[in-house]
Structure formats: structure tokens, C-alpha cells
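Trainee: What shape does this take:
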Amino acid sequence: MQHNYLTHVNCLECGHTMDYRPDLDFCEKCNSPWLDAQYDYDRAAEVWRNGIKEHDVSLWRYKILLPPIPDEFVVSMGEGCTPLIRAKKLEADLGHPSIYIKDERQLPTNSFKDRQGSVAISVLTQRGVKECVLASTGNAAVAYAAYSALADIKLWVFLNSLVPSEKMREVALYGAEVIKVTGTYDESKKVAADFAKRRSLHLDKGAKAIAGKESMKTLAYEIAEQFARAQKEPGVAWKAPDWYIQAVSGGIGPLGALKGFTELYRMGLIDRIPKIGVVQTAGCAPMAQSMAKDQEEATPVVPTSRIIVLSTGSPGLAYKLLRRAQLDNGGAMISVTDEEAFAAMRRLARTQGISVEPAAAVAFAGARKLIKDGVILPDESILINCSGHTFPVEKHIMDDQMLLDMKLTEQAKLQQDSLDEALEHLEEQITTVLIIDDNPLDRLLVKRVLQNNKPYRVFEAGGGAEGLETVEARQPDLIILDLNMPEMDGFEALERLKANQATAHIPVVVVSAKELSPDENKRLEGKIASLWQKGSFSADTLMSHLVKTIKKPERPESNQVIDALSSIGQSAHKIVIVDGAPHDINLIRRILEGRHQYEIFEAHSGQEGVAVIKAQNPDLVIMNLTLPDMSGFRLMETIKSDPLIEEIPIIIISGQELSSEEWEQLDTDTAVMRRGQITVESLVSQVAEKLA
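Mentor: Numbering: from 1, shown residues only. Below you'll find the predicted structure:
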């Protein structure tokens, strides 16, 4: 099927015209995210004039007027082509002769946002995006979570803390990371944007993005096809109703439907653009209130409605676009109370047999009000978007550990520094650690060490096979692994982890009571971050090491990428630096990395040093004689008494002259450098000599 009908992209703010790219997120001239795709409508009209011959019963039947996405990147669960129902009982109840319901509850996650989820996630898949951040009031989060799961995209969802727990659990059910923000939805959007920026992740832009509006215009296409069939007029393949009514939060639904109807009208396939009925809840009605005052721009409001799904307090450009449509084509922007919506919800179920969520009921309450007030005339046909229905996920199905709280203080809402602190704490909250050990007591001890120090999420697995399944499901930031386990031991589990491209990057710290043979040490080499003997370390030392291991390296700058690429194929020497002073480690690291391509590992205590040295089997150890938990001489004895690491050369950094007794404890090939007398050249020269 042709995929070349998209001709260009317009900026809805400054009017600039651009070529389409899947990764086009902002206007190239004014940097606005409000972008709109345009197509060759003359060609499309020729294809669609007598109806669509495509047999696909999903929204992708309209793909010639959707962003060009190769079939292999389309993420679909058969969304679209939902029923158009003649609501005869509702007609009798409201005293109006022509009411139709577009039943979007029939979509995969029970809401119209599945249209957006399918198209948006397909574009991200085409772009190769692996992580996405989304702020939502509920339904979009569920849809994106489902389609992200299908596309293997990690999704971070920021929800207002007032969103019902059942809705949050439903999002978490699909494997998304859910962060509850104590603030308004608009504040949640700001937090999500800052979070995405900090982690260099894609941020979904909702109605502003091309995919958002393009997905929702398929509503109009379907309605026009189905409504024509319902009217049974000979030779008419497309027909629009007089009114399209929908409950509105940010406005993506009616914006998309308006675009779809406008395109059909431009192609000469329908004889009118329906009047758009925008219905908001009175507790969050910035559009309705601003339209009543004939304002060109919407005045933001602080939501007070109990219907949290409709809680966008600042609609931005969406209001101006919908206002223009009302002025050009007729329509209405009104609000109804929560109580009116709940009453419409009960009445719809009892008369028409349709159960909806409160947000969808707002549209039905609005239709009743527009008919009663005479805004909708008796001979006008009405289409109501039944936008969704909540699927309850009870607490025993999804543990609330998957829901993370991010409490914004009033200061954090106003000051970036305080918001940064909140985001830093969130980074720790979203950190996931998996303990794989068949001994429940040992798992409990390690879990207590972690949770007594950091707000990490800690999961447990009682064996290797269970551990691999949990890794696939949770994608932890760190794995703590025992080696002695029945059925599948830690060695086999580790080899499978590192052989799997999806899990090979996850650092593994081995904590085991097993005495290792040379062959077993060889099996671990290059696969683990460190090796710890159970009972031979303090909780503080282990915790310090785990925190450093978990911390993600910063993304390289472009010149660093070039350097890294140029060094591919060269074997970098491994160096372990053992020093209780992080500042001194950083100084040595900077000196060495500024001259050569070394692979440098850190340890801040003697115990940690032993663990890292055994795990990495480095080419050189640089160590301080003064360590927080043992003397440097004891660390050297430990190294020299282990046949697997005894040959590793050592450079000692000392703050004072050594006594004759201390000199006698050193091997003849151990180098000693006095702190304060070390120069860049002398350190580089000494390291090169030891590695020669």
C-alpha cells in the first residue's frame, strides 16, 4: 500500500513548513512542539471516493493518510473500527430522534486512547526508541503501557496522586514504571519533562505531537463510513453527523476528530464539518469558562473535580484551535457538574445497558444539557463518543510496591533546585535490585541492608531459573547473586544473563560462601562487578559498593564517542584503585584516563578492594596504605596469599615515609610513591612501567 501521501508538516504556531521525519518533535524555526501533518488530499480522494476497499478492520485501514510507517514497525492489537450504536432507548429518554454512540470501550484497553497508543508507539518503534516518559490523567497511561509492552519499550508514567489506585495498578500490570506525583496534572507534566531531560529520554507530547492528532482523526473516518451505512442512502459512502460530542481534558480527541472531518470535507467526501461539542466537568473547565467570556486564550484553572481523568487545567493551544472551529462551523463548549455526570452514568446503564466510566459520562450529561437548552436542534443528528470504561485491578493482583510516590513540596513546585532534589530522590526510588539466593535468611539480610539505607525496590528470587524470569520481567539496575543454588546454580544463571543481549548490561555482584577453584574464578572473570565472601564484610562496606555500582555513567559527549569508537579492538589494561578518599581516586583516574585508554575500577575500603580485585583480575592495583577498615599491608597480604591474584603488580601511594620494618613487608617489585611528591609524569611513567 502507498505510504507517500504525507507531503509536509506545518507548525501550528508560526506556520513554518517542514519535511516530515519520524523524529521531528519540534518546529525547526520556532521550536514549538505543535506540529501538524499535511497530505496529498487530491490523490487520497480518488482512492476513497467510493469507499475504502481495504479489508483491514483496524485504524490502519486509513494508513494512506497516517504517518508513513513500514509494516514491520506497526504496533497493533486490532484497535479501531469500534461499533456505531443507534441509541434508541437514549433517544426516547432525551426526547431526540437521532442519537448514535461510538463505543470506544471495545478497544484493547477499553478507551479511545488506544488509537493514540498504537500510532505513537509505532512511530517510536520506527525511530528505535527504547524508553519513553509520559504524564497522564489515566487512560493514555493504560494504553501506552499496553502498547509499550507489546513493543518492548520501557515506559515511565507520571500520574497525579488522585488518580484511582485501580487505574494505577492497571498501568503497572503492563510492566510500566508508575510514579505518583502529589500535585496537579499540569505539575505532573513538568516533573515528567524534567525527569525525561535528566535521563535523556523521549517525552510524549500528546496532542501537540503529529502522532497524537493523526491517530485520533481515524475516529472521524470511521464515523463517516459507519454513519453513511446507517443512513442507507444509495451511493453515499461517507456521511457526517450534525454534532460530534466528547468529554474533554486536554482536547486530543475532538482535535483529532475535527482534523479528520476537515480532511474528508476538503476531499469532497462529506458535505459538512460537524459541530464539535466540547464538554468539561465544572471542576476543571478552562475551555468552557474562557469561551463563555469570549477569550482568545484559555485562563488556566486549578482542578477541583472528582473526575480526575478530565483534569487538564491548562489546555494551551488546544483551546484556540477548538474555539476557532466553533466560530467557523458552530458547536459548543459547556461544563456539567460531577453530580450531573454521575447521574448520566447511572441513567445510561439503566436505559441503554451501557456502563461507562465517569469521564465518558460527562459527554452524555453534556448532550442532555445541549438538547434541553435547545442548542442542538430537533432535526440534528448527534454522535456521542463513549470514550472509555475502567478495568479495575484490585490490590491483591498488583502489589502497590510498583507505585512510587513523589511528593512535591510547595517549594519544589516553585523552585528548580528543590524540584531537582525531589527528582534525585525519585532516581533512588525507581532503582530496582534483584537478590537471587536460595537461602531465605540470606536474602532477608541483604534486603535489610539495602532498604535500611536507600529507598530501593528490592525483589527476590529463590533460584537461578526464577531469577532469570524475574530479570526479564523487572529489568533491575543491579543483581546480587549467590553461586551455591540447587538445579540452576549461580554460574549458569550468570552465563545466561550475559549471553542475553537484553540483560548483559546489568551489573552483577556475587555474594557467596563458596570457596572458588581457579576454574570457577575463570568462569566469573569479566562477567561480574565484584565478588564477596559471605561473613567477611561489613554491611556499610557492601552498601557503599552497591550504591557506586548502581549509579549510571553519564552519557558521553560526541568527542568521547569518537574516542571510544577509535579504540575498538584495542585491549585496555584494567586498573583497580583502592583508596578511602574519593577525591584522591578521582584525581588518579583523571590523570591516567587523560593519557591512555585504561579500564579503571574503584574500591573505597580494603574489603571492597578484595572483592573488586577478585572479580576483575586487573593488570595493576594502585592502593593507599591507609584504608578505613584495614591497613594497606593487610590488603597486600590478602592479595599475595591468593594464587589467582598474587602476581598482580602493586603501586602504593603513601602519605609518609615508610619505616624500615614496613619496607621489609613489601615485595621487591612493589612500587611506592609519596603523596605530595607525585607529578602527573611520574605517575603515568610508573603505571606504564608496571604494565610493561
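
Trainee: for this structure, what are the low-confidence residue spans?
Mentor: 1-4, 390-425, 552-571, 594-595 (pLDDT under 70).

Trainee: tally of neighbours for Q429?
Mentor: A count of nearby residues for Q429, using other C-beta atoms under 10 Å, gives 16. C-betas here are computed from N, CA, C, even on glycine.

Trainee: domain parsing for this protein?
Mentor: Domain assignment for the chain by automatic domain parsing gives 71-426, 431-550, 566-691.

Trainee: Verify the contact between D584 and N624 for me.
Mentor: Yes. Contact status for D584 versus N624: in contact at 7.1 Å, counting by C-beta atoms under 8 Å.

Trainee: okay, these two: which has more neighbours?
Mentor: Taking other C-beta under 10 Å, D584 and N624 do not tie; N624 has more neighbours (21 against 16).

Trainee: Setting aside sequence neighbours, what's the nearest residue to that one?
Mentor: D579 (4.3 Å; C-beta to C-beta, 6 or more residues apart in numbering).

Trainee: before we move on, what about A211?
Mentor: Using C-beta to C-beta, 6+ apart, the closest residue to A211 is A120 (4.2 Å).

Trainee: Same question for V471.
Mentor: Per C-beta to C-beta, 6+ apart, closest to V471 is T503, 5.4 Å.

Trainee: Tell me how many other residues crowd the one you found.
Mentor: 17.

Trainee: Give the full set of residues in contact with it.
Mentor: By C-beta atoms under 8 Å, 6 or more residues apart in numbering, T503 lies in contact with 471-472, 475, 497.

Trainee: Whichever of the residues you listed count as buried, I'd like them selected in PyMOL; how would that read?
Mentor: Here is the PyMOL command that selects the buried residues among the contacts of T503 (16 or more other C-beta atoms under 10 Å):
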select buried, resi 471+475+497
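
Trainee: Point out the ones among the contacts of T503 that are inside helices.
Mentor: Members of the contacts of T503 lying in helices (criterion: DSSP state H): 471-472, 497.

Trainee: Next, format those as JSON lines and append distance to M216.
Mentor: Shown next, in JSON lines, are the ones in helices among the contacts of T503 (distance: C-beta to C-beta, whole Å):
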{"residue": "V471", "distance to M216": "37"}
{"residue": "E472", "distance to M216": "34"}
{"residue": "L497", "distance to M216": "42"}
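
Trainee: Of the residues you listed, which is the nearest to I99?
Mentor: E472 (48.3 Å; C-beta to C-beta).

Trainee: For Q106, grab phi and psi.
Mentor: phi -80, psi 0 (degrees, to the nearest 10).

Trainee: show me what contacts the closest residue to Q126 other than its chain neighbours?
Mentor: Distances taken as C-beta to C-beta, 6+ apart place F73 nearest to Q126, at 4.1 Å, with adjacent residues excluded. When contacts are counted by C-beta under 8 Å, 6+ apart, F73 touches 122, 125-126.

Trainee: swap the cut-off to 10 Å and go again
Mentor: Counting by C-beta atoms under 10 Å, 6 or more residues apart in numbering, F73 makes contact with 22, 121-128, 151.

Trainee: Mind giving me the PyMOL select for those, buried ones only?
Mentor: To isolate the buried members of those in PyMOL, using 16+ other C-beta under 10 Å:
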select buried, resi 22+121+122+123+124+125+126+151
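
Trainee: What about the contacts of F73, which are in helices?
Mentor: Short answer: the contacts of F73 in helices (DSSP H) are 121-127, 151.

Trainee: any chance of the residues you listed in TSV, plus distance to G277?
Mentor: Formatted as TSV, those follow (distance: C-beta to C-beta, whole Å):
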residue	distance to G277
I121	30
S122	30
V123	30
L124	32
T125	35
Q126	35
R127	36
A151	34
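
Trainee: For K205, see how far away the residue nearest to V471 is.
Mentor: 31 Å (C-beta to C-beta, to the nearest Å).

Trainee: likewise Y244?
Mentor: 24 Å.

Trainee: more crowded one of the two?
Mentor: Y244 (27 against 19).
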